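S.K.: Okay, sequence plus prediction incoming.
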Amino acid sequence: MDTPDTITLRPATVEDVKDIVRLTSSMARQGLMLPRSKYKIITMLSDFLVAVTAEGTIAGCGAFSVLWTDLGEICALAVDPAYQKKGIGARLVRALIEEGKKKRVPEIIALTYQVDFFTRLGFTVTDKDDFPRKVWRECLECPKLEECDETAVRLYVHR
């Protein structure tokens with residue numbers, strides 16, 4: 001069985017789209033994240049990292065998207081149930097935070113149902129209304145726009 005040190009993270013490729021869709025759709029069906037279409041995943045593919053086992057299985061994924069010059073977002077974070085509780089999600093988030101730092105984004109947000117997970121990684125709960133650019137970009141497409149039940153979390157990385 002794979003251990004955290006046998007899992008490697010790498011940028012996603014077009015060959016990974018099917019697995020990213022599988023992972024995010026499975027999490028969405030469980031009510032753990034909002035769904036994303038295959039089209040949406042393809043359009044943001046360059047934002048994705050995947051966690052790959054020694055056997056080549058995609059065990060997890062996550063994306064970092066720049067929303068504006070002062071704000072980035074971690075989204076579409078999903079780990080296969082067979083690989084959960086092994087630190088893969090935390091490794092993905094830390095790597096995505098590093099992506100934000102490389103891009104010199106001063107603040108990173110996530111909208112999540114997994115608040116405790118993100119707060120353990122240094123994020124703090126905040127008001128969604130603090131992020132109007134997020135609303136302009138993606139929330140308008142969301143079926144839960146008027147009744148959003150996700151919690152906003154933020155992390156300052158550059159000030």
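M.R.: Yep, it's here.

S.K.: only C-alpha atoms for contact and neighbour calcs from this point on.
M.R.: Noted.

S.K.: Which positions within stretch 88-100 qualify as buried?
M.R.: By 16 or more other C-alpha atoms under 10 Å, the buried positions in stretch 88-100 come out as Ile88, Gly89, Ala90, Arg91, Leu92, Val93, Ala95, Leu96, Ile97, Glu99, Gly100.

S.K.: what sits up against stretch 109-124?
M.R.: 32-33, 71-75, 90, 125, 149-155 (C-alpha atoms under 8 Å, 6 or more residues apart in numbering).

S.K.: Need the distance between the two termini of it.
M.R.: Across stretch 109-124, the terminal residues are separated by 9 Å (C-alpha to C-alpha, to the nearest Å).

S.K.: any low-confidence regions in the protein?
M.R.: Within the chain, the stretches with pLDDT under 70 are 1-5, 131-149, 159.

S.K.: could you pull out the helices for it?
M.R.: Ranges of helices within the chain are 17-29, 38-43, 88-102, 115-120, 132-137, based on DSSP state H.

S.K.: what about the strands in this protein?
M.R.: Assigned by DSSP state E, the strands in the chain fall at 8-11, 48-52, 58-68, 71-79, 107-112, 124-126, 151-156.

S.K.: And the fourth one, what does it pack against?
M.R.: Spelled out, it's strand 71-79. helix 17-29, strand 58-68, helix 88-102, strand 107-112 (3 or more C-alpha pairs under 8 Å, 6 or more residues apart in numbering; DSSP states H and E).
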